[in-house]
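S.K.: Provided below are the primary sequence and the corresponding predicted coordinates.
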Amino acid sequence: MKNTYNLEFKLFFRSTSAWIGILVLLVTGFAGLYFGKTFIDKQNRAIEKAAVLQQKNTQNNVKHFGNDIGLFFFHNKFSMANVPQPWAAFANGQRDVNPYLISATMLALEGQLYDTEISNPVSLLFGNMDLSFVFIYLFPLVIIALVYNLIAEERESGIWPLLKSQTNQLSKLIWKKFMVRMVTIYLTSIVLFLAALIFLHLPIDQNLFAVTAITWLYLAFWFAVSFFVVSLSKSSSYNASVLVAMWVLLCVVLPASLNLALTQRYSVPEALQNVINQREGYHEKWDMPKEVTMKPFFEHYPQLKQYPFPADETFSWFWYYGMQQMGDDQAFESRKSVAQKLKLRQHFTSIAALFLPTVQTQLGIDEVAGTDLNAHLAFQEAYRSFHEKTRLQFYPAIFLEHGIETTKVSSTKLEAFTPDTIKDWTRLASLSLLTILFLTLTLRNLREIQIVK
Amino acid sequence: MKNIVFTISRQTYKSIIANRATLALAVLLGLSLCLATYVGWQNFKLQNSQRLHYKQLVRAQWLAKPDKHPHRMAHYGYLAFREKHELSFFDFGIESFAGVSIFLEAHKQNTVNFSEAGFSNGMLRFGEISVAMVLQLLVPLLIIFLGYNSIAAERESGTLKILLCQKVSWKKLLWGKTFGILAVVLSIFIPLILLTILLWASLSGWAVSGDSAIRLLILIICYSAYFFIIVAITVLVSAFSKSSRTVLTSLLAAWIVLIIIVPRITQAVGNRIFPVPSKLEFLDQISSDVQKQGDSHDANDPHYSGIKDSLLKAYRVDDVKKLPFNYGGLIMAEGERITSGIYSAHQKKLNKKFQRQNSITAMVALLNPYLALKQVSMALTASDFETFVDFQNQAEAYRYGLAQKMNKLQIDKISNEKPGEHDKPLSISRSNWAEQPDFNYKFKFYGKVVQQEGVALAALALWLVMVILLLQYSPRWIKTV
C-alpha cells in the first residue's frame, strides 16, 4: 500500500508539468507577498508621516491664525488613520480604492468625508497583485493543469485496458493519483502560508485559522470540480476545455455579470444628492435670518444654549459654525439613504457569494484582513464620532472667543483607527456544500467506471 | 491558388459550424455580447441621466442665488460631473474606478469623488462585463477552442499528409484555416457591430457625430486586426505542435498569462518604480511652496506688501481704502493666481508620475496584443486615464475662471470701505451670476487620441505584420509528421 503511494509520487514528479505548476505558484506567491507588503508598507509610512504633519500643521496654523480662534478652526485639520492589520498585506482588498487617511476641519463633514486618496485609476482597474490573488486565481489553474488528464492520459496512451485488467480496485488507483496531487498542492500552500507568517509577521491566532480554513476549503472545491470533470472519462482536451471554461465563468464572467446587475439595480445617486444637500444646507443660510440657523442648531445641541449668541453682529463665528452644522444636519437623510443602499448592495453580494466560491473566498479573506468595504464604512463612522467629539470640545472656546492657548489644541495627535476583523464562519458552509456536492457526483461516476469494467 | 485557400477556408468554416459543441459555444458568446451591449447601454443611460439631472440642478441653484458678495459666490462654488462619452457603453475602461463629481471652489482644489469602486465591496474587482470585455477576453478563448486542432487534428488523423500530397501547399493550408476560423468569428462579430452602431445611433437621437463615427470605425478595424492576430497564432501553434493537447494547453496557458497575470504585474511594477506621494504629503509640498512664494494672509509678507506699495505709489494715495477699486479683491486674485499655478505644477508632476507608472504596461503592449488593444479601445471610447486627466484639467480651468471672475466682480463692483460690525454686508446684483457659463466637458478630437495611442497602435500593427510574415514564410520550418 505504502509502496504504491511512493510510486505514484515518483511518477508524478517525473513530469515537468508538475514542477512547472509548483514553480509558478511559488514564484507568483512570493511576488504576491512582496507586492502586497510593499503596498501596505507604503501606507504605513504615509501614516507615520501624517502623524508628524498633524502636529506640524497645527503649530503652523497656531502661528498664522492663532489670534483669531474661529479662523484657526476654519483652517486646522484633524486627521485619523485607518491603520492596516497585519493581514492587510496578504489581501489588500479595497484599501487601494478607499482612503486610509481622513483629514477634515471642524466645518461641515459631509463635504470632506468622501475625499479620495491620490491613486492611479489604471492600477485600480488591473487590481493588486497580493497573495490572496495567487490563491484565488492561480491555484485553481494549477490544480486544473495537474488533474485534467488523469484518466484520459492513461486512456489516450493505451495503458488503460492494461490497468483495468491488472487491478480490481481501479477507483482506488485513481484515488491515489488524486491524493498525490492534493498533497502536493496543499504542501505548496503551507509553504506559502509559512512564508507569509514570517515575512508579514502574522500572529498565530484565530485569524490565521480562519484564512487557512477558507483558503483550503476553496482549494478543496477546485479539486472536487476537477475530479468531477475527470470522472466523466472524456478526452483530455474536453476536460481542459470544460475546466478552463469553469474557471473563466467563476473567476471572471459570473462575478462580472452579477456586478453589472448590482450597479444597475442599486446605483447610488443619493451620494450626489448628499453633496448637494450639504452644500445648499450650509450656503443658503448666508442669505437667511440668523434664527433659521440657530434655532435648529440649539435644538441639536441644547447644551450650547448657555453661550451668548451675538445676534446683532453681521458676522460671528458662532453663526458661521452653526451654518456649517446645518450643512451636515440637512444632509442627514440623504446620508442615511446612501448607507441603506450600501446595505442592500452588501446583501445582494452575500447572496451571490453563496453560489460563487471565488467571491465568497475573496470576501472572507478581505473581511479577516479588515480591507473590505465594511471596514472602510466603520472607519468613516469612527471619523464621524471623532469629528463630533472635536466639535463639542472646541465649540465653547470658539463661541466665547477664548485665546487659542486655552484649548491645548497644539497637542492634538493623529487618531488611529483599527478595523475589526470579522470572522464569518457561515462562509465556510456554502464552500463545503459545493465541495461535497461535486465529490458525491465524482464518487458516483467512479463507481460507474468500476461497474463498466 | 486563390481557389484552394477559399476551398479550405469554406471547409473549415463548415466543419466548425457543423460541430454542435462549438456552435453552442459561439451562439452563447453571441448572446452574451447582445446582453453586454444592452446592459452597457442601459448603464450608460442611467449613469449619464443621473449626472445630467444633478448638473441641471446645480446650474439652476447657481442662477437662483440672491444678491450677495461675489466672494460668497466663489465659496459657494460649482459642482462638476464627469460625463460619459457616448461610446463608453462599449468599453467601461477605468470608468468605475474614477470619481464622478468634483466640487469647484475658490482657493482650494478638491478631489473627484464617488467612484463606483468606492461603493463596491469587492465583487467589482473580478471585472465588469462589457462588449469590450467579451471581445477582448472571451472571443480569444473561443478562437482557441475553435482552432486548436485545426491542423493538429489533421496531423493526428493522418489526413494532413493526404492534403499536402494534393497540390495544397503549407502556405495555402495555413491561410485557408486562418480565414475559415476568422469567418466564424466575424459572423458573430459583424452582426454585433451593426447592432452596436444602431443602438448608438438611436442613443444620440440619430444625430451621429462625425468624430464618434470615426472613433467607432477605428475601433472596428483594431478589433478585427486583434481577432486576425489571435486566429493566426492559434493556427500557427496548431501547425507547429505535435499533438492537439499540447496546442490547447499551451494556448490556454498563454491566454491566462497574457490576459490575467501580466497586467497586474506590470502595473504593480510601475507603482513600485514610480511611487506617488500620499495626499497629505502632496498637499504639504504644495503649501510649503505657496508659503515660499508669499502668504496673502500675512500683512507683512514681502510679496504682497510690495504690491501694496507700488499701488499706493501709482495711484498717489496713502491708504488702500482710497484706491479706486476693491483692494481685497485684487489681493485675492493675486493669491489665487499664485496658489493655482503652484497647484497645477504639482498636479502636472503627479500626472506625469501616473503616466510613467502606466508606461510599463504600455511598453509591455508590444509583447502582448491584448494590452495593446485594451489601451486603444479605452482611449477611443474615452474611458481611459488620459480622458480622466483631461476632465480634471478642464474642471480646474473652470474653477480658476470662476474664482477669478468673482474676484473681478469684487474688484470692480465692491466698495473699498468695509461695512461696520452691525451693517448689512456688501453685495452685488444676482444678474451677474448668469455671466458665469455652465461647466461642459469637451471630449478630445479623435485625431489627438490616435496620436496619443501611437505606441499601442504600432504594437497592433507590428503584431499584424508579424503573423502575416509567419503565415507566409514559416511553413519551411514546419514538420509534417
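M.R.: Structure received. Numbering: from 1, shown residues only, chains lettered A, B, ... in the order given.

S.K.: check contacts around whichever residue of the stretch 251-400 of chain B sits closest to chain A.
M.R.: Per C-beta to the nearest C-beta, B:S278 is where the stretch 251-400 of chain B lies closest to chain A, at 3.6 Å. Placement of C-beta: from N, CA and C, glycine included. With contact taken as C-beta atoms under 8 Å, 6 or more residues apart in numbering or on different chains, B:S278 is in contact with A:Q43, A:A46, A:K49, A:A50, A:L101, A:E117, A:I118.

S.K.: A:I47 versus that one, what's the distance?
M.R.: Per C-beta to C-beta, to the nearest Å, B:S278 is found 8 Å from A:I47.

S.K.: list the residues that contact both of the two?
M.R.: Residues touching both B:S278 and A:I47 (C-beta under 8 Å, 6+ apart): A:L101.

S.K.: Please, where are all the helices along the stretch 351-453 of chain A?
M.R.: Taking DSSP state H, counting those that start in this stretch as the criterion, the stretch 351-453 of chain A carries its helices at A:357-369, A:373-399, A:426-452.

S.K.: let me fix that: the stretch 51-200 of chain A
M.R.: Secondary structure of the stretch 51-200 of chain A (DSSP H, counting those that start in this stretch): helices at A:69-75, A:121-126, A:131-133, A:139-147, A:150-156, A:160-166, A:170-199.

S.K.: ok, now which residue in chain B is the farthest from the centroid?
M.R.: Largest separation from the mean C-alpha position in chain B: B:D318, at 56.2 Å (C-alpha atoms, centre = their mean).

S.K.: On the three-state scheme, that residue is what?
M.R.: When classified by DSSP: H, G, I helix; E, B strand; the rest coil, B:D318 comes out as coil.

S.K.: helix or strand for the nearest residue to it once chain neighbours are set aside, which one?
M.R.: Spatial nearest neighbour of B:D318, excluding adjacent residues (C-beta to C-beta, 6 or more residues apart in numbering or on different chains): B:L312 at 6.7 Å. Here B:L312 sits within helix B:302-315, counting by DSSP states H and E.

S.K.: can you check B:L33 too?
M.R.: B:L33 belongs to helix B:20-63 when assigned by DSSP H and E.

S.K.: Could you save the helices of the stretch 351-453 of chain A as CSV and add columns showing mean pLDDT and distance to chain B?
M.R.: Output for the helices of the stretch 351-453 of chain A, formatted as CSV (pLDDT from 0 to 100; distance: least, C-beta to the nearest C-beta, whole Å):
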stretch, mean pLDDT, distance to chain B
helix A:357-369, 95, 6
helix A:373-399, 95, 4
helix A:426-452, 86, 13
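
S.K.: Mean neighbour count, these: which tops it?
M.R.: Highest mean neighbour count among the helices of the stretch 351-453 of chain A (mean count of other C-beta atoms under 10 Å in any protein chain shown): helix A:357-369, with a mean of 26.

S.K.: what packs against that helix?
M.R.: Helix A:357-369 is packed against helix A:131-133, helix A:206-231, helix A:332-355, helix A:426-452, with contacts defined by 3 or more C-beta pairs under 8 Å, 6 or more residues apart in numbering or on different chains; DSSP states H and E.

S.K.: Tabulate the ones you listed (TSV), appending distance to B:G328.
M.R.: Below are those laid out as TSV (distance: least, C-beta to C-beta, whole Å):
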stretch	distance to B:G328
helix A:131-133	55
helix A:206-231	58
helix A:332-355	36
helix A:426-452	61
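
S.K.: Compute the distance from the centre of stretch A:4-14 to the centre of its chain.
M.R.: 40 Å (C-alpha atoms, centre = their mean, to the nearest Å).

S.K.: I meant stretch B:281-299, not that one.
M.R.: So, by C-alpha atoms, centre = their mean, the centroid of stretch B:281-299 is 33 Å from its chain's centroid.

S.K.: helices or strands next to the helix holding B:L312 in the packing?
M.R.: Using 3+ C-beta pairs under 8 Å, 6+ apart as the contact test, the elements touching helix B:302-315 are helix B:327-364.

S.K.: what sits up against the worst-scoring helix or strand of chain A on mean pLDDT?
M.R.: Sorting the helices and strands of chain A by mean pLDDT, DSSP states H and E puts helix A:160-166 at the bottom, at a mean of 72. With C-beta under 8 Å, 6+ apart as the contact definition, helix A:160-166 has outside contacts at A:I151, A:E154, A:L170, A:L173, A:K453.

S.K.: just to revisit the earlier point, so what does the helix holding B:L33 touch, helix or strand wise?
M.R.: helix A:254-265, helix A:270-283, helix B:2-18, strand B:78-81, helix B:131-133, helix B:139-147, helix B:170-203.

S.K.: So for B:A379, which of the ones you listed sits nearest?
M.R.: With distances scored as C-beta to C-beta, the stretch of those nearest to B:A379 is helix B:131-133 (11.8 Å).

S.K.: Which other helices and strands does that closest one contact?
M.R.: On a contact count with 3+ C-beta pairs under 8 Å, 6+ apart, helix B:131-133 meets helix B:20-63, helix B:369-380.

S.K.: Mean neighbour count, those helices: which tops it?
M.R.: Comparing those by mean count of other C-beta under 10 Å gives helix B:369-380 as most buried, with a mean of 26.

S.K.: any idea how far that one is from the chain center?
M.R.: Helix B:369-380 sits 10 Å away from the centroid of its parent chain (C-alpha atoms, centre = their mean).

S.K.: touching chain A at all, that helix?
M.R.: No - on the criterion C-beta under 8 Å from any C-beta of the partner chain, helix B:369-380 is out of touch with chain A, staying 8.9 Å away.

S.K.: what about residue 141, how many neighbours?
M.R.: Going with chain A. Residues near A:L141, counting by other C-beta atoms under 10 Å in any protein chain shown, number 23.

S.K.: my bad, the chain I had in mind was chain B
M.R.: By other C-beta under 10 Å, the residues close to B:L141 number 22.

S.K.: Select, out of the helices and strands packed on helix B:131-133, the one closest to A:V338.
M.R.: A:V338 sits nearest to helix B:20-63 of all the helices and strands packed on helix B:131-133, at 13.7 Å, using C-beta to C-beta.

S.K.: helix or strand right after the closest one?
M.R.: Next along the chain after helix B:20-63, taking DSSP H and E as the criterion, comes helix B:70-76.

S.K.: helices or strands up against that next one?
M.R.: Here helix B:70-76 touches helix A:270-283, helix B:327-364, helix B:385-413, going by 3+ C-beta pairs under 8 Å, 6+ apart.

S.K.: Next, the angle from the second one to helix B:302-315.
M.R.: An angle of 130 degrees separates the directions of helix B:327-364 and helix B:302-315 when computed by axes from the mean of the first three to the mean of the last three C-alpha atoms, to 10 degrees.

S.K.: so how far is helix B:327-364 off the chain centroid?
M.R.: Distance of helix B:327-364 from the chain centroid (C-alpha atoms, centre = their mean) equals 20 Å.
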